[in-house]
Structure formats: structure tokens, C-alpha cells
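>>> A predicted structure for the sequence below; I have some questions about it.
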Amino acid sequence: MAFKKKLDEKTLDVDAAMQGSLSFKDPVNLRINGKFEGNLDIRGNLTIGSTAVINADIIGDNIIIGGRVKGRITAKERLTLLPQAIVEGHIYPARLNVAEGAVLEGQCSMLHDFLNSEQLAKYLEVELNSVMEWANSGKMPGNKEGNDWKFERKAIDSWVAAGKIGK
């Protein structure tokens, strides 16, 4: 229960209009009830309340949407769309839960536990050449299978979180 208690101590409830980039490297519970425009990079839980209007690219672990969101959403563990959710854009969830009544206008590409080079380049939003250079030089965790590379998404997420991308 120490982990749960630690997350409870880092709860942030935002009921205002904000613009910019929010990034959390440690797990938090973030709830947004107002307007937000920009980029969100969250470790832990992100809840978009039913009154929220978000125009942002979002990366998070567990994301629950009850309001309006426009943008690219990457949920590394789970994306939940509540009945009143309206989402426009591309979503990339590891797991997806859509309640009856939720609206999704856009594309959905499920995240897989293992990615090939092309999928990883798209996931990281970098050029394929960069992925190949990092993999071939041993800077990035991956396994070579014949002429192809296979990358475990969780290992890549840890590698990125440790700030090793591009180094």
C-alpha cells in the first residue's frame, strides 16, 4: 500500500484554463476539469473530467476521459472513455475501454508489447534511421532476429524515461 499512498500524496486537481506543457516524471494523480491546450506527459493516472475541454497531445499510463479531447493520445497501460467522452484524433492505447455513449472520431492503433523498427519509430515520433542507429550501436534495448529488430515497449518506455533517448 506504500505505492498507493505515495500516489495519493501527489494528487493534483486542476480546475482552470491552462496552456503549455505539463510533464511529470514521477507517478501522480492528475485531474483536469477546466481547459488545457498544449502537451501532457504524465506518469501515473490522468483523469479528464466531464467539464474539461482539452486540445493537446497526451502521453500517459492510465488515462480516463470524461470530457472533450482533441489530439493524439498515447495510453501506455489503459485508455478509458466514459459515456460522456468526446475524443477527436489518433489514439494509441495498450488497452482500451469504451463505454456506451462515448464518441471517438479518428483512428485507433493498439500498442503492442513488442514493436518492430518501423512501429517503434512511429511510437517515438522519430526517423527510422535514428531507431536503426540506436539499435545497431547498442544504445537502445532490443533483440535482433535475423535482419529485423524486436523491441519490448516497456523496456523502451523505461529507456526513454531514464533520459537516454538520443544519447
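All right, it came through fine. Residues are numbered from 1 along each chain as shown.
>>> isn't residue 71 up against residue 63?
No - the pair residue 71 / residue 63 is not scored as a contact, 11.7 Å apart, by CB atoms under 8 Å. Heads up, the C-betas are built off the backbone N, CA and C, glycines and all.
>>> neighbour count for the two, which is higher?
More neighbours surround residue 63 than the other of residue 71 and residue 63, with 26 against 19 (other CB atoms under 10 Å).
>>> and that one, helix, strand or coil?
Secondary structure state of residue 63, per DSSP: H, G, I helix; E, B strand; the rest coil, is strand.
>>> in which helix or strand does the residue positioned nearest the centre of the chain reside?
Most central residue of the chain, judged by C-alpha distance to the mean C-alpha position with CA atoms, centre = their mean, is residue 59 at 2.6 Å. Assigned by DSSP states H and E, residue 59 belongs to strand 53-65.
>>> which parts of that strand are buried?
For strand 53-65, a neighbour-count test (16 or more other CB atoms under 10 Å) marks 53, 54, 56, 57, 58, 59, 60, 61, 62, 63, 64, 65 as buried.
>>> that strand pairs with which strands, parallel or anti?
strand 35-41 (parallel), strand 44-48 (parallel), strand 68-70 (parallel), strand 73-81 (parallel) (DSSP bridges).
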